[in-house]
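Engineer: after the sequence you'll find the predicted model.
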Amino acid sequence: MAAPSICVPGQRLGRLDDNTTSGNGTYERNGFIYSSLAGYLESKDIDDGKKLVEVRTDTKKNIVPSVDAIVTARITNVTPRFCKCIMLSVGKTPLNEPFRGMLRKEDVRATEKDKVEMYKCFRPGDIIVARVLSLGDAHSYLLSTTENELGVVMAVSEAGATMVPISWCKMKCPKTMSEEPRKVAKVQPQFLQYSGT
Amino acid sequence: MPTDSRRITGPETSQSPHIYQKTNGTEIVLIDENKKRQDGRGLGDIRPMFLRAGIVSQARGSAYMEQNQTKVICAVYGPREIARREEFSWKGQITCEFKFATFSCLHRRQPQQDGEEKDFSVQLLEALEPAVCLHKFPKSQVNVYVTVLQDDGSALAAAITCASVALADAAIEMYDLVTGCSARISGGHILLDPCHTEEYRSEKDNTVNNGSVTLGLMPSLRQVSAVTSKGELEFEHVKKAMDQCLEVCQKLYPVLQQSLIKSVKEKLEMDKLSDCHTT
Amino acid sequence: MVDVQLSDAEKIYILHGIQDNCREDGRSCEDYRHLEIESNVVSNTTGSARVRLANTEILVGVKAEMGNPAPEKPDKGRLEFFVDCSANATPQFEGRGGEELATEISNLLSRSYDCPSCFDLSSLCVLPGQQCWILYIDVLLLECGGNLFDASSIAVKAALFNTRIPKVTVREDEGHTELEISDDPYDVQRLNVQSVPCIVTLSKIGHSHVVDASQREEACCLARLMIGVTEKGTITAMKKEGSGSLDPASVEDMMETGKKVGQDINISLTCVLKMEERQGVKRQTIGFLR
């Protein structure tokens, strides 16, 4: 593979015409494409015969939560109307500095939104997987768990053991065998192990 | 001035011995008969520059720059959540902090930022803000911390260049890099990149047309992002000095390019190595 | 600066007007708004002045105190600038809100006055190395209507012109020196403010630039150039401010305009101040009532 060509911010990459479009890490000005990152140049062919010019860098670096991204968060506060959480990672990329998120009562479930009781869905300390609804306000991003695959993935019971999910609304503690209500995320099929019964 | 209660400072009435030196009153000859300056440079020569990106491991991006005896280090953190959240904004925010290390100048500096350092922080922010794509990180802030380890003149210009390389190293999207250059105007002569003894000081120089100009330029777009001046100067001299600084800033661009290309290559090598280990 | 919300249509309206050299209040690009100056408004100060530039109101008080000179400059006095953005002007300045703006204004003022050829600090020296006059120049922003830098510098120049420092006689008495400050209100020392600079702010809007931008015009501009200009046409301090960048050619154009406008305003200011002083006791004091 040929050595990739490296560019710096402000470097002119090429002319903007019908065959080329600018992608991530670039910007357009006066009919030319300029690079906006210090990284290596990649040009890919996309579906309608055009070339996509992109500048890629170490992608582990700057992730900021964007709308419709799946995030992993830890619940910090639970109130009857909403709960607050700290976002730990966006997709598979961990965040170096945590961002704050808020999950409102009406964004927990898709059905029966008014009958949701927050304390029966989440508890402080739970790890949840959610989707970013919007940038929210100055304080926190707005999240939602209205899909089956979103919700609590890991929780600790009152006895202190990591709980096992039994249904979409209950988790069981392996130590005390007691059940606790949570809004549980649907476990991906590849992680299910049938015990043969 | 708020006092720092955590530190045991020296006695308040202490003074630097330099003010009692006999050589203080004598005139410093800036240019001799051969049109050479004190350190042998010509009027339009700048000091050789050494620039390296990616040296602070904990920071998102960092850079270190040396111009002969002036040494500046810069670290960039972010984008992270804004601490003082007032209102929602689609644009991100940059904050700059410029600090001379207490031992960096001839006279000892205070551990806390004094007026001059706060002024430089504002000027550094002015220089960097036009170059960064603020709309790419809404609701977040990027912190730029510049520390001057040794000051031998042109500290602000060096800080501007160093900070823009650190921002590029942190993979913060920018429209262009920013290069800084300063010039000293003395009589009709323009000295580029003055060192500490050549810098303008209001107490020493009494005549008109004595001052300095600092310029921050975005080389690829040819736009001026910051310009400041000190001292009483005539319009034509300021114009000439600015033109010369513009030329120098354009010439500095390849040095910044080289250092960034080198650091990107190093990161690629490291990624390849770590991929080999994991697969 | 204080923010005024403008819609895109209003911004385009202002932009197009400026392109045709006609601003929203009918001025040309190089005209100042109505400017009122009054000196000697505060009795407890050594010198004071009040400036009203359309909606911007600034009050400057100068107090002279005896103190030790700086060790590196034993034969020179000192000027200490302090700007206070009072919460009177706008609620955004409450508490520490106006601190950043205040620091910027005071930094630019001290930088433009830091030239030996524009303000002679050695006239403030009493005993070299031991005693000198320190002038505390305090700027109070009473109302914010755009263009704070220009109005503050005009007010500071007027206040310094108005300053009357009591004369000091030095007597050598058996080995130690004694200072006697005269309490005759007419036995005073005046300051020479002939070469003192005035700051001119040029705001870049669209492709042209304007002098003395109102608050709405400030909301449309992305970059500003502030220049301290003396009567002779020399530049004492220059600072570019704003999140936009400027073309080198624009910077030169703006500097030319600034120099021209700055010289004009210095000349007319000196003229008006001298006229005010000639009126003497018969002068009609307006104060803060309108």
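Structural biologist: Perfect, I can see it now.
Engineer: OK, contacts around the residue of chain B found nearest chain A?
Structural biologist: Using Cβ to the nearest Cβ, B:Asp176 is the residue of chain B that sits closest to chain A, at 3.1 Å. Placement of C-beta: from N, CA and C, glycine included. By Cβ atoms under 8 Å, 6 or more residues apart in numbering or on different chains, the contact set of B:Asp176 is A:Pro9, A:Gly10, A:Tyr34, B:Ala131, B:Met218, B:Pro219, B:Ser220, B:Leu221, B:Gln223.
Engineer: quick one: these as a markdown table, columns for neighbour count, pLDDT and secondary structure too.
Structural biologist: Listed next are the contacts of B:Asp176 as a markdown table, based on neighbours: other Cβ atoms under 10 Å in any protein chain shown; pLDDT from 0 to 100; DSSP: H, G, I helix; E, B strand; the rest coil:
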| residue | neighbour count | pLDDT | secondary structure |
| --- | --- | --- | --- |
| A:Pro9 | 33 | 91 | coil |
| A:Gly10 | 24 | 90 | coil |
| A:Tyr34 | 23 | 91 | strand |
| B:Ala131 | 27 | 93 | helix |
| B:Met218 | 24 | 93 | strand |
| B:Pro219 | 20 | 92 | coil |
| B:Ser220 | 19 | 89 | coil |
| B:Leu221 | 19 | 89 | coil |
| B:Gln223 | 22 | 91 | strand |
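Engineer: near chain C too, which of the residues you listed?
Structural biologist: B:Ala131, B:Met218, B:Leu221, B:Gln223 (Cβ under 8 Å from any Cβ of the partner chain).
Engineer: quick check, nearest of the residues you listed to chain C?
Structural biologist: B:Gln223 (3.8 Å).
Engineer: and the residue lying closest to that closest one once chain neighbours are set aside, what does it touch?
Structural biologist: Sequence neighbours aside, C:Ser245 is the residue nearest to B:Gln223 in space, at 3.8 Å (criterion: Cβ to Cβ, 6 or more residues apart in numbering or on different chains). Applying Cβ under 8 Å, 6+ apart to C:Ser245 gives the contacts B:Pro130, B:Ala131, B:Met218, B:Leu221, B:Gln223, B:Val224, B:Ser225, C:Ala223.
Engineer: got JSON lines for those residues, with distance to A:His139 too?
Structural biologist: Shown next, in JSON lines, are these (distance: Cβ to Cβ, whole Å):
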{"residue": "B:Pro130", "distance to A:His139": "29"}
{"residue": "B:Ala131", "distance to A:His139": "29"}
{"residue": "B:Met218", "distance to A:His139": "34"}
{"residue": "B:Leu221", "distance to A:His139": "36"}
{"residue": "B:Gln223", "distance to A:His139": "36"}
{"residue": "B:Val224", "distance to A:His139": "37"}
{"residue": "B:Ser225", "distance to A:His139": "32"}
{"residue": "C:Ala223", "distance to A:His139": "32"}
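Engineer: strands of the stretch 1-150 of chain C, start to end?
Structural biologist: Per DSSP state E, counting those that start in this stretch, the stretch 1-150 of chain C carries strands over the ranges C:35-39, C:47-53, C:56-67, C:78-85, C:125-127, C:131-143.
Engineer: among those strands, which is nearest B:Ser259?
Structural biologist: strand C:78-85 (40.2 Å; Cβ to Cβ).
Engineer: show me what contacts the residue in chain A positioned nearest to chain C?
Structural biologist: Across chain A, the shortest distance to chain C (Cβ to the nearest Cβ) belongs to A:Gly10, at 11.9 Å. Contacts of A:Gly10 were listed using Cβ under 8 Å, 6+ apart, and they are A:Tyr34, A:Ser35, A:Ser36, B:Met174, B:Tyr175, B:Asp176, B:Leu177, B:Met218, B:Pro219, B:Ser220, B:Leu221.
Engineer: same deal with C:Cys118?
Structural biologist: By Cβ under 8 Å, 6+ apart, the residues touching C:Cys118 are B:Glu232, C:Ser112, C:Ser195, C:Val196, C:Pro197, C:Thr230, C:Thr236.
Engineer: likewise B:His107?
Structural biologist: By Cβ under 8 Å, 6+ apart, the contact set of B:His107 is B:Ser16, B:His18.
Engineer: just the pLDDT for it.
Structural biologist: Per-residue confidence for B:His107 comes out at a pLDDT of 84.
Engineer: next, the residue of chain A found nearest chain B: phi, psi?
Structural biologist: Closest to chain B within chain A is A:Gly10: 3.1 Å, counting by Cβ to the nearest Cβ. For A:Gly10, the backbone dihedrals (degrees, to the nearest 10) come out as phi 90, psi 0.
Engineer: list the buried ones in stretch C:253-264?
Structural biologist: C:Asp253, C:Met254, C:Met255, C:Thr257, C:Gly258, C:Lys259, C:Lys260, C:Val261, C:Gly262, C:Gln263, C:Asp264 (16 or more other Cβ atoms under 10 Å in any protein chain shown).
Engineer: pull up the gap between the third one and B:His237, please.
Structural biologist: Distance of C:Met255 to B:His237, given as Cβ to Cβ, to the nearest Å: 12 Å.
Engineer: same check on the fifth one?
Structural biologist: The spacing between C:Gly258 and B:His237, counted by Cβ to Cβ, is 15 Å.
Engineer: direction included, what does the longest strand along chain A pair against?
Structural biologist: In chain A, taking DSSP state E as the definition, the longest strand is strand A:93-104. Partners of strand A:93-104 in the sheet, by DSSP bridges, are strand A:82-90 (antiparallel), strand A:141-144 (parallel).
Engineer: got those as TSV, with mean neighbour count and mean pLDDT columns?
Structural biologist: TSV is the format used below for the strands paired with strand A:93-104 (neighbours: other Cβ atoms under 10 Å in any protein chain shown; pLDDT from 0 to 100):
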stretch	mean neighbour count	mean pLDDT
strand A:82-90	19	92
strand A:141-144	22	93
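Engineer: so can I have JSON lines of these showing distance to A:Val187?
Structural biologist: Putting these into JSON lines (distance: least, Cβ to Cβ, whole Å) gives the following:
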{"stretch": "strand A:82-90", "distance to A:Val187": "19"}
{"stretch": "strand A:141-144", "distance to A:Val187": "20"}
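Engineer: for these, which one sits closest to A:Met163?
Structural biologist: Nearest of the strands paired with strand A:93-104 to A:Met163, taken as Cβ to Cβ: strand A:82-90 at 17.9 Å.
Engineer: output the below-cut-off pLDDT ranges for chain C.
Structural biologist: Flagging of chain C using pLDDT under 70 yields the residue ranges C:1-3, C:289-290.
Engineer: nearest the middle, which residue of it would you pick?
Structural biologist: When chain C is reduced to its mean C-alpha position, the nearest residue by Cα atoms, centre = their mean turns out to be C:Ser153, at 0.9 Å.
Engineer: quick one: it is in a strand?
Structural biologist: No: read with DSSP: H, G, I helix; E, B strand; the rest coil, C:Ser153 is helix and lies in no strand.
Engineer: ok, the contacts of C:Cys118 vs C:Asp25, which is closest?
Structural biologist: Closest to C:Asp25, out of all of these and judged by Cβ to Cβ, is C:Pro197, at 27.0 Å.
Engineer: what are the boundaries of the helices in chain A?
Structural biologist: Counting by DSSP state H, one finds helices in chain A at the ranges A:118-121.
Engineer: for chain B, what's the longest helix?
Structural biologist: The residue-count maximum for a helix in chain B (DSSP H) belongs to helix B:235-278.
Engineer: run the chain-centre distance for that helix.
Structural biologist: Centre-to-centre, helix B:235-278 and its host chain are 14 Å apart (Cα atoms, centre = their mean, to the nearest Å).
Engineer: could you do stretch B:222-241 as well?
Structural biologist: Relative to its chain's centre, stretch B:222-241 lies at 17 Å (Cα atoms, centre = their mean).
Engineer: can you dump the C-alpha coordinates of it into PDB?
Structural biologist: These are the backbone C-alpha positions of stretch B:222-241, laid out as PDB (Å, rounded to 0.1, in the frame of the first residue of the first chain):
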ATOM      1  CA  ARG B 222      -3.800  35.100   3.900                       C
ATOM      2  CA  GLN B 223      -5.900  36.600   6.600                       C
ATOM      3  CA  VAL B 224      -4.700  38.600   9.600                       C
ATOM      4  CA  SER B 225      -6.100  37.100  12.800                       C
ATOM      5  CA  ALA B 226      -4.400  39.400  15.300                       C
ATOM      6  CA  VAL B 227      -2.500  42.600  15.300                       C
ATOM      7  CA  THR B 228      -1.300  44.700  18.200                       C
ATOM      8  CA  SER B 229       1.100  47.500  18.600                       C
ATOM      9  CA  LYS B 230       2.900  49.300  21.400                       C
ATOM     10  CA  GLY B 231       4.700  52.600  21.500                       C
ATOM     11  CA  GLU B 232       4.100  55.800  19.500                       C
ATOM     12  CA  LEU B 233       4.600  55.000  15.900                       C
ATOM     13  CA  GLU B 234       4.000  56.700  12.600                       C
ATOM     14  CA  PHE B 235       1.500  55.100  10.200                       C
ATOM     15  CA  GLU B 236       4.000  54.300   7.400                       C
ATOM     16  CA  HIS B 237       6.300  52.500   9.800                       C
ATOM     17  CA  VAL B 238       3.500  50.400  11.100                       C
ATOM     18  CA  LYS B 239       2.500  49.500   7.600                       C
ATOM     19  CA  LYS B 240       6.100  48.600   6.600                       C
ATOM     20  CA  ALA B 241       6.500  46.500   9.800                       C
END
